[in-house]
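[1] Sequence and predicted structure, then a few things I'm wondering about:
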Amino acid sequence: MDWLALHKTSEALAARAHAALRDGSSDDAEELFRQAAAAEEDALAQLDTSKPRTFGIAAVSAVSLWYKGKNVQRASMLAYKCRLYAISCGT
């Protein structure tokens with residue numbers, strides 16, 4: 001899948017997660033947030049390096065989704081990895 005398809009998949013999963021939260025299904029919501037985070041992280045890996053702003057937005061989204069999915073360690077690791085990438089690119 002390309003970046004856009006993965007990003008749209010992430011958005012759809014995140015929307016389902018928010019709906020699950022509204023319905024009181026926090027366990028289902030956390031799992032959906034983790035699935036959305038994985039899709040967004042995959043999308044991040046597909047991004048063209050010439051798009052630093054899009055990279056930053058997608059990185060924040062993926063980190064946030066991991067956090068909402070109660071996987072703080074994965075969120076922290078991704079944030080650190082993205083920061084190192086940004087430094088190496090001079091952004």
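    Thanks, I have it.

[2] ok now do the residue most central in space within the chain, which residues does it touch?
    Centroid-nearest residue in the chain: A62, 1.7 Å away (criterion: C-alpha atoms, centre = their mean). A62 makes contact with S10, A37, E40, E41, A43, L44, L78, according to C-beta atoms under 8 Å, 6 or more residues apart in numbering. For glycine as for every other residue, the C-beta is placed from the backbone atoms N, C-alpha and C.

[3] Which of those sits closest to K68?
    K68 lies nearest to A37 out of those, by C-beta to C-beta, at 7.8 Å.

[4] hang on, the earlier thing: ok, of the contacts of A62, which come out buried?
    S10, A37, E40, E41, A43, L44, L78 (16 or more other C-beta atoms under 10 Å).

[5] Now do the fourth one against L32, distance only.
    By that I understand E41. Using C-beta to C-beta, to the nearest Å, E41 is found at 15 Å from L32.

[6] next one: the third one
    Separation of E40 from L32 (C-beta to C-beta) stands at 12 Å.

[7] try the fifth one
    Counting by C-beta to C-beta, the gap from A43 to L32 is 16 Å.

[8] returning to that earlier point: go through the contacts of A62 and flag which are in helices.
    Among the contacts of A62, the members found in helices (DSSP state H) are S10, A37, E40, E41, A43, L44, L78.

[9] Could you pull out the helices in this protein for me?
    Ranges of helices in the chain, per DSSP H, are 3-22, 26-46, 52-68, 72-88.

[10] which secondary structure elements does the longest one contact?
    Put plainly, it is helix 26-46. helix 3-22, helix 52-68, helix 72-88 (3 or more C-beta pairs under 8 Å, 6 or more residues apart in numbering; DSSP states H and E).

[11] mind listing what A20 touches?
    S26, D28, A29, L32.

[12] Closest one of these to Y67?
    A29 (12.8 Å).

[13] For that closest one, which residues are in contact?
    A17, H18, A20, L21, K68.
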